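here's my sequence, what's the structure:
(one chain, ligands or ions: 2)
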Amino acid sequence: MTKNSAATILQEKGIKPSLQRIAIYDFLAHNRIHPTVDDVYVALKKEIPTLSRTTVYNTIQQFQKSGIVQSLGVDETSLRFDINTSPHGHFLCRKCAQVFDFTPSYAGPQQDLADGFTVFEYELSVKGICNQCNTL
Ligand SMILES: [Zn+2]
Ligand SMILES: [Zn+2]
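Ligands and ions are numbered 1, 2, ... in the order given. Below is the predicted model of the structure:
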């Protein structure tokens with residue numbers, strides 16, 4: 001993704017595309033590791049010496065409000081973010097602490113609810129040991 005397309009996406013959401021916001025957006029778009037605020041800050045600090053943790057935090061909050069980013073509930077020890085806002089499952093490995101995406105075979109809880117309930121969002125969180133850790 002080029003800087004221009006990140007700027008366009010931010011503008012479409014009514015967010016002024018500052019260099020810092022574009023850099024944070026690009027990091028999230030290119031590093032599908034479900035990073036924490038700290039992961040983003042540490043990765044971009046070299047490139048943008050004026051960047052602060054507060055700016056990263058506030059920017060991601062703003063992205064979240066605009067629906068560009070979702071926060072994950074799977075990891076109770078750190079707040080992680082995902083630029084993929086479509087409904088999908090998250091698998092947290094108890095050994096290496098990586099979060100993996102997966103697509104549930106199941107269409108979601110809407111089909112289980114009584115008539116008159118509408119689901120806007122749901123999160124499928126799974127914890128276990130990943131295939132890399134299982135072969136160690
Ligand atoms: Zn693992
Ligand atoms: Zn994800």
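
for ligand 2, what are the nearby residues on this structure?
For the chain, the residues in contact with ligand 2 under the definition C-beta under 5 Å from the ion are 82, 84, 101. Yep, even glycine has a C-beta here, placed from its N, CA and C like the rest.

these, buried ones only, as a ChimeraX selection?
Per 16 or more other C-beta atoms under 10 Å, the buried members of the residues of the chain next to ligand 2 correspond to this ChimeraX selection:
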select :82
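
output the residues of the chain next to ligand 2 as JSON lines; include the columns secondary structure, distance to residue 76 and pLDDT.
Rendered in JSON lines, the data for the residues of the chain next to ligand 2 read as follows (DSSP: H, G, I helix; E, B strand; the rest coil; distance: C-beta to C-beta, whole Å; pLDDT from 0 to 100):
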{"residue": "82", "secondary structure": "strand", "distance to residue 76": "16", "pLDDT": "96"}
{"residue": "84", "secondary structure": "coil", "distance to residue 76": "21", "pLDDT": "93"}
{"residue": "101", "secondary structure": "strand", "distance to residue 76": "19", "pLDDT": "95"}
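
list phi and psi for residue 70.
phi -120, psi 150 (degrees, to the nearest 10).

just put the residues of the chain next to ligand 2 in TSV and tack on distance to ligand 1.
Listed next are the residues of the chain next to ligand 2 as TSV, based on distance: C-beta to the ion, whole Å:
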residue	distance to ligand 1
82	18
84	20
101	14
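
can you say which helix or strand has the residue in the chain sticking out farthest from the centre in it?
Among the C-alpha atoms of the chain, the one farthest from their average position, using C-alpha atoms, centre = their mean, is that of residue 115, at 31.3 Å. For residue 115, there is no helix or strand it lies in under DSSP states H and E.
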